[in-house]
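Asks: What shape does this take:
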Amino acid sequence: MKSLSTSGVIATCLCAIMYCVSCAVPAPYTRAIEHPEATEIERFFQYFMSLRSLPREALSREYARQEAAFAQSHSAEDRLRLVLLLSLPHTDFENRLYALELLQVYLDGPEPPPTDLMDVAVFLMTFMENKTYRRAYEARIYNLKKDLAEKEHQLVEQQQTIKKLQEDLGAQRILHNNISKKLQEMLNEKERQFAVSRYLDKRLQDEIRNVKRLQEQIERIKDIEKSLIEREQKDNKGT
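Replies: Now for the predicted structure:
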């Protein structure tokens, strides 16, 4: 009895959505009241009926609200409501390809969704899916995979480039360290040679002063010797 009731609700929902798609102007605003005891399919149908009654400005606000709600909750109900909004014709936010992707991800999930919501998702997929959107969806998936492959190839090339740059950087660092070591050794040798040069220059100056003192001493000795010779000659003449 329950499955018969569910099928009847789905059929009613299908007729209502088909009627909505054929309508260019939304009906006057009257929001349906959701009862706590309503099933998931009934709540979804009530939500659909409330959308029919929204003017364009309110419909855009409802889309923004539902998009934010799904981004926060990622619940199945919010997902299907967003799919319904995206599939509405003649709106600024209509995007059936994105709606189809949301449905496909939901139906291909790792865990089976609840039966009622699965019925709604299958119904929406049946309602929306056609060859044009299927080809567009497959083309988008193909392009995404192609872009992913290109990005992976670029990543491998970048990793190889980074590895080569790291190797070059390592070689440059070794060369820099070797050159720095050689320069330091040369600088130390220059400092040593400069210290030796200063020591030898000091020794040379000391030797020059010593030679000068010796020359002065020799001159004094010569003067003394000369004076002694002259005195001796003078003494010899006196005798």
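
Asks: Can you give the distance of the longest helix seen in the chain from its chain's centre?
Replies: Counting residues, the longest helix in the chain under DSSP state H turns out to be helix 131-238. Distance of helix 131-238 from its chain centroid, counting by CA atoms, centre = their mean, to the nearest Å, is 43 Å.

Asks: before we move on, what about stretch 48-64?
Replies: Using CA atoms, centre = their mean, the offset of stretch 48-64 from its chain centre is 38 Å.

Asks: what do you get for stretch 104-122?
Replies: In this view, stretch 104-122 has its centroid 34 Å away from the chain centroid, taken as CA atoms, centre = their mean.

Asks: other SSEs contacting the longest helix of the chain?
Replies: Contact partners of helix 131-238 among helices and strands, from 3 or more CB pairs under 8 Å, 6 or more residues apart in numbering; DSSP states H and E: helix 96-107. All C-beta atoms are positioned from the backbone trio N, CA, C, and that covers glycine.

Asks: Find the centremost residue of the chain, please.
Replies: Closest to where the C-alpha atoms of the chain average out (CA atoms, centre = their mean) is residue 155, at 12.5 Å.

Asks: how close does that one sit to residue 166?
Replies: According to CB to CB, to the nearest Å, residue 155 and residue 166 sit 16 Å apart.

Asks: now do residue 38
Replies: 63 Å.

Asks: which regions of this protein sit below the pLDDT cut-off?
Replies: 1-37, 111-115, 129-142, 238-239 (pLDDT under 70).

Asks: again, only using 80
Replies: Within the chain, the stretches with pLDDT under 80 are 1-38, 109-116, 127-147, 230-239.

Asks: Looking at residue 38 and residue 166, which one has more neighbours?
Replies: Using other CB atoms under 10 Å as the criterion, residue 38 and residue 166 rank with residue 38 on top: 13 against 10.

Asks: my read: the more buried one touches residue 44, true?
Replies: No - using CB atoms under 8 Å as the test, residue 38 is too far from residue 44 to be in contact (9.4 Å).

Asks: tell me, what's touching these two both at once?
Replies: Counting by CB atoms under 8 Å, 6 or more residues apart in numbering, no residue touches both residue 38 and residue 44.

Asks: Report how many residues lie close to residue 193.
Replies: Going by other CB under 10 Å, the residues that sit close to residue 193 add up to 10.

Asks: How about residue 48?
Replies: Applying other CB under 10 Å, I find that residue 48 has 18 neighbouring residues.

Asks: same thing with the one 5 residues further on?
Replies: Applying other CB under 10 Å, we find 15 other residues in the vicinity of residue 53.
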